[in-house]
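A.B. asks: Task: produce atomic coordinates for the following.
(chains A and B)
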There are 2 protein chains.
Amino acid sequence: MRLGDDLLTRFTDTGLLVLPKLFSQREVDLLCAALQPLLAEDDPANIREKGGGAVRTAMGLHLRSPVFARLVRHPRLIGPALQILGRDLYVQQVKVNIKEAFEGEAWQWHYDFATHRHEDGVPAPLALNLHIFLDDVTEFNGPLYFIPGSHREGPAPATLDTASTSYPLWVVDRKTVARLASRNGLVSATGPRGTVLIFGDVMVHASPPNLSPWSRRIFSLIVNPTDNRQTRFQRPDYKHHRDFNPIVPLEDDCLEIDEEALAPH
Amino acid sequence: MRLGDDLLTRFTDTGLLVLPKLFSQREVDLLCAALQPLLAEDDPANIREKGGGAVRTAMGLHLRSPVFARLVRHPRLIGPALQILGRDLYVQQVKVNIKEAFEGEAWQWHYDFATHRHEDGVPAPLALNLHIFLDDVTEFNGPLYFIPGSHREGPAPATLDTASTSYPLWVVDRKTVARLASRNGLVSATGPRGTVLIFGDVMVHASPPNLSPWSRRIFSLIVNPTDNRQTRFQRPDYKHHRDFNPIVPLEDDCLEIDEEALAPH
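C.D. replies: Numbering: from 1, shown residues only, chains lettered A, B, ... in the order given. Now for the predicted structure:
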């Protein structure tokens, strides 16, 4: 799969791409079925909500499930990423972010490179975050909000917030958010399940809580160029993986293969 | 001002009406100018955010400002309310709800009649809540979410929540919200400043926090039939006023008069 020039231009201009229904209902069903047993595991890579027991983020999924091992090599994710970055990529992080119905918390304004730089010593803000919506994402169940074009100035000032969420987060101060948003506005990334969202490492984004009665699960694969690999290793492997071998894409039907292999003969 | 049959039917079916830009920019400017000094007052009718000093709700405004005294008799608010209810109305509550940029909290799922019944002994769920947006209300700055049609079953079960917000609230349980929303979906009431929103006393609604850099102020007038007046008086007057004289609408230009009277001669 290749992005057309119009999409590449849009990505350069706005810093994000929303590609509706890039994965089929059947493929998303396979991913959800593979996810379900992983959430029940007592694993440090299952990170829970601040106040409760619900898993908010399940990480390291490609090492915990053959389906997700293939998903991180899926050509509909890796093809566009290779096209945008034009060099070898490694798998940096593999997770599903879950905002449970009524429970999912807000995330403050931040961008991912602040964490990648401060925690992992990543040299440059080149990583891409590749999302697949596993549920319909609407304005009501905790979509990501972006400031379009916020990537153009490069990394904004960021400070570590350990209080607001269950996960320490390098956040962007309000003055910077107000300045960027007053120029470019805000957009929310919504779409039906199977939709793909791509955004870069300095895109400023946030997310409201999920007040709706519908859960919101999003698969997230972060890929980073192998020549921009991490230089610090203080975080656990499941937050930044250490296999720097270049990702080799599989065939387009790589998820379907699994179901057939598992089907009764 | 009278609502057409299409709008009356929509109100009967969905339980709410959004009437874009019913008040002019100039009129909204007048209201904002009248509001500003009231927010600085040290008054128990100014209710503050749970954790901070920002005023979240300023109440009793028609007794504190001549502009708001006229606004509660404005024909563009009272006309539709008289048309819908068909009987004499009194001024039950007059406030501006403010969700400050970055600060404004969420409100859980609730409907107003639970409070009006339990706290004030209002016999029947007839009151109407008449809103004017004093700022543009978007998906990003804390709009009201509604379950359309949730008024049709009458009052849902409700319990008193004193923990979630700075204001005790009779909330609807999650099971009921899920059941109603799965049938009718959710809508958010958004629109430019000057937009009017009308909804009834058993409409189930909620509101997300304001993560945006833009404040969101909404004027709210609750009117109730004089023959459905409160029977308990435990709450302060500014939460449920005790002047049961029928509201007599003023002229359509009643807000403008003020500015001219104040202009230099």
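A.B. asks: do you know how far the nearest residue to A:C254 once chain neighbours are set aside is from A:I247?
C.D. replies: In this structure, A:C254 finds its nearest non-sequential neighbour in A:R70, 4.7 Å apart by C-beta to C-beta, 6 or more residues apart in numbering or on different chains. In short, each C-beta sits where N, CA and C put it, glycine included. From A:R70 over to A:I247 the distance is 12 Å, taken as C-beta to C-beta, to the nearest Å.
A.B. asks: Over to A:L7?
C.D. replies: Looking at A:L7 against A:I247, where the rule is C-beta to C-beta, the gap reads 21 Å.
A.B. asks: So which of these two has more stuff around it?
C.D. replies: Relative neighbour count places A:I247 above the other of A:L7 and A:I247, with 20 against 16, counting by other C-beta atoms under 10 Å in any protein chain shown.
A.B. asks: Just to be sure, that one is in a helix?
C.D. replies: No: looking at A:I247 with DSSP: H, G, I helix; E, B strand; the rest coil, it is coil, so not inside a helix.
A.B. asks: ok so, going back, tell me the secondary structure at the residue nearest to A:C254.
C.D. replies: Applying three-state DSSP: A:R70 is helix.
A.B. asks: hang on, it packs against A:L255?
C.D. replies: Yes: the pair A:R70 and A:L255 passes the contact test of C-beta atoms under 8 Å, sitting 6.2 Å apart.
A.B. asks: Look at these two and report which has more neighbours.
C.D. replies: More neighbours sit around A:L255 than around the other of A:R70 and A:L255, counting by other C-beta under 10 Å; the figures are 24 against 19.
A.B. asks: which ones are touching the more buried one?
C.D. replies: By C-beta atoms under 8 Å, 6 or more residues apart in numbering or on different chains, A:L255 lies in contact with A:27, A:30-31, A:67, A:70-71, A:74.
A.B. asks: right, and A:Q92 touches A:A127 too?
C.D. replies: Yes: taking contact to mean C-beta under 8 Å, the distance of 6.0 Å between A:Q92 and A:A127 places them in contact.
A.B. asks: Spell out which residues are contacts of both of these two.
C.D. replies: Jointly contacting A:Q92 and A:A127 under the rule C-beta under 8 Å, 6+ apart are A:116, A:222-224.
A.B. asks: I'd like the residues you listed as TSV, with distance to A:R2 and neighbour count appended.
C.D. replies: Rendered in TSV, the data for those read as follows (distance: C-beta to C-beta, whole Å; neighbours: other C-beta atoms under 10 Å in any protein chain shown):
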residue	distance to A:R2	neighbour count
A:H116	27	27
A:I222	21	23
A:V223	17	25
A:N224	21	28
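A.B. asks: Closest to B:V204 out of those?
C.D. replies: Of all the shared contacts of A:Q92 and A:A127, the one sitting nearest B:V204 is A:I222; the distance, using C-beta to C-beta, is 38.8 Å.
A.B. asks: Can you tell me how far that closest one is from A:A81?
C.D. replies: Distance, A:I222 to A:A81, using C-beta to C-beta: 10 Å.
A.B. asks: can you list residues touching both of the two?
C.D. replies: With C-beta under 8 Å, 6+ apart, A:I222 and A:A81 have common neighbours A:128, A:130.
A.B. asks: Can you name the residue of the stretch 51-200 of chain A nearest to chain B?
C.D. replies: When you check the stretch 51-200 of chain A against chain B by C-beta to the nearest C-beta, the closest residue turns out to be A:A178, at 3.7 Å.
A.B. asks: Show me what the spatially most central residue of chain A bridges to in the sheet.
C.D. replies: Using C-alpha atoms, centre = their mean, the residue of chain A that lies closest to the mean C-alpha position is A:S220, 2.9 Å off. Applying DSSP bridges to A:S220 gives these bridge partners: A:K95, A:H131.
A.B. asks: Could I get the contacting residues of it?
C.D. replies: For A:S220, the residues meeting the contact criterion (C-beta under 8 Å, 6+ apart) are A:93-97, A:129-131.
A.B. asks: ok, which residues in the stretch 51-200 of chain A are in contact with chain B?
C.D. replies: Proximity of the stretch 51-200 of chain A to chain B is confined to A:101-102, A:106, A:108-109, A:138-140, A:145, A:174, A:177-178, A:181-182, A:186, A:188 under the rule C-beta under 8 Å from any C-beta of the partner chain.
A.B. asks: give me that answer again for 10 Å
C.D. replies: A:101-103, A:106-109, A:138-143, A:145, A:147, A:174-182, A:185-188, A:190 (C-beta under 10 Å from any C-beta of the partner chain).
A.B. asks: who touches both of A:R70 and A:L255?
C.D. replies: Here A:R70 and A:L255 share the contacting residues A:30, A:34, scored by C-beta atoms under 10 Å, 6 or more residues apart in numbering or on different chains.
A.B. asks: quick revisit: which one of the contacts of A:L255 sits closest to B:H240?
C.D. replies: A:L31 (52.0 Å).
A.B. asks: any idea where the helices of the stretch 101-250 of chain A begin and end?
C.D. replies: A:112-120, A:174-184 (DSSP state H, counting those that start in this stretch).
A.B. asks: for A:E27, what are its contacts?
C.D. replies: A:E27 makes contacts with A:67, A:71, A:74, A:76, A:132, A:193-194, A:253-256, A:259, as judged by C-beta under 10 Å, 6+ apart.
A.B. asks: unless I'm mixing things up, A:L63 is touching A:A45, no?
C.D. replies: Yes: distance between A:L63 and A:A45: 8.6 Å, which falls inside the contact criterion (C-beta atoms under 10 Å).
A.B. asks: Now do the shared contacts for the two.
C.D. replies: Overlap of the contact sets of A:L63 and A:A45 (by C-beta under 10 Å, 6+ apart) consists of A:94, A:237-238.
A.B. asks: Out of the residues you listed, who's the most crowded?
C.D. replies: Ranked by neighbours (other C-beta under 10 Å), these are led by A:V94, which has 25 neighbours.
A.B. asks: What separation do you get for that one and A:H241?
C.D. replies: When distances are taken as C-beta to C-beta, A:V94 and A:H241 turn out to be 7 Å apart.
A.B. asks: Now for these two: what residues contact both?
C.D. replies: With C-beta under 10 Å, 6+ apart as the test, A:V94 and A:H241 both reach A:59-60, A:62-63, A:72, A:222.
A.B. asks: Tell me which two of the residues you listed sit farthest apart.
C.D. replies: A:L63 and A:I222 (14.7 Å).
A.B. asks: Who are the contact partners of the residue lying closest to A:L77 once chain neighbours are set aside?
C.D. replies: Take A:L77 and drop its neighbours on the chain: the residue closest to it by C-beta to C-beta, 6+ apart is A:L130, 4.6 Å away. With contacts taken as C-beta under 10 Å, 6+ apart, A:L130 has the following neighbours: A:17, A:71-72, A:74, A:76-78, A:80-81, A:196-199, A:219-223.
A.B. asks: Let's see that with 8 Å instead.
C.D. replies: Contacts here follow C-beta under 8 Å, 6+ apart; on that basis A:L130 touches A:77, A:80-81, A:196-198, A:220-223.
A.B. asks: Compute the first-to-last residue distance for stretch A:17-31.
C.D. replies: Taking C-alpha to C-alpha, to the nearest Å as the measure, stretch A:17-31 stretches 22 Å from start to finish.
A.B. asks: which of the residues in it are buried?
C.D. replies: Residues of stretch A:17-31 classed as buried under the neighbour-count rule (16 or more other C-beta atoms under 10 Å in any protein chain shown) are A:17-19, A:22-23, A:27-28, A:30-31.
A.B. asks: Please apply the same query to stretch A:238-248.
C.D. replies: The neighbour-count check on stretch A:238-248 (16+ other C-beta under 10 Å) flags A:238-241, A:244, A:247 as buried.
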